[in-house]
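K.L.:
okay, sequence plus prediction incoming.
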Amino acid sequence: DVNGQYRRSLLVNRLTESQKAEFSEVFKLIDASNDGFISLLELKRVMESTGQPKSDDELNSIFEAVHPGVEASVEIDYGEFIGMMAEAEFYYLFVETFEYLDKKGSGFIRAGDITAAITGMESFISVEKTNFLKLDDEDMLINYEQFSKMLLGSAL
């Protein structure tokens, strides 16, 4: 998916040097074979050792997200890994920002609050996606987890 690779490369460019270094260390820890790739088995072992076991279907969905439309994708290289991690990092940044505004813990916030919250985050969002935020109904409620995925153009 060329668009997904491009989007992730833009997000990687927004990571700090310390974030990049941290993700590089994580990649090296997972890549037990030191071949420059993370295999499905290596990822499964790490998830189990950290107390977060994943089913084969869950692991396959991670690999499918990196390689959309590629059946039986069995490894992830460093570029794909850091792109995936950057996407997750910014997704959680958006969600945590919106959660802070969700005083009721409902999973929804007012459209007007979203517009105010993303001020200063425009560099992470495409112009097309910020243009539709100009809504007449600022009291309309928006599911911020889905909204965060949409902002990143992601299927996280």
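P.N.:
Arrived safely, thanks for sending.
K.L.:
when you work out contacts or count neighbours from here on, use the C-alpha atoms and nothing else.
P.N.:
Fine.
K.L.:
ok, longest helix in this protein?
P.N.:
In the chain, with assignment by DSSP state H, the single longest helix is helix 78-101.
K.L.:
that one packs against which elements?
P.N.:
If contacts are counted by 3 or more CA pairs under 8 Å, 6 or more residues apart in numbering; DSSP states H and E, helix 78-101 sits against helix 2-14, helix 17-30, helix 111-117, helix 144-152.
K.L.:
need the residues that contact the first one.
P.N.:
Spelled out, that is helix 2-14. Helix 2-14 has contacts (CA atoms under 8 Å, 6 or more residues apart in numbering) with 80, 82-84, 86-87, 90, 124, 152-154.
K.L.:
and what about the residue of the chain positioned farthest from its centre, helix, strand or coil?
P.N.:
Computed with CA atoms, centre = their mean, the residue of the chain farthest from its C-alpha average is residue 136, at 29.3 Å. Of the three states, residue 136 takes coil according to DSSP: H, G, I helix; E, B strand; the rest coil.
K.L.:
contacting residues around it?
P.N.:
Residue 136 neighbours (CA under 8 Å, 6+ apart): none.
K.L.:
helix or strand with the lowest mean pLDDT in this protein?
P.N.:
Sorted by mean pLDDT, DSSP states H and E, the helices and strands of the chain end with helix 127-131, the least confident at a mean of 58.
K.L.:
and the closest residue to residue 82 other than its chain neighbours, how many residues sit next to it?
P.N.:
In this structure, residue 82 finds its nearest non-sequential neighbour in residue 23, 6.5 Å apart by CA to CA, 6 or more residues apart in numbering. Residues near residue 23, counting by other CA atoms under 10 Å, number 18.
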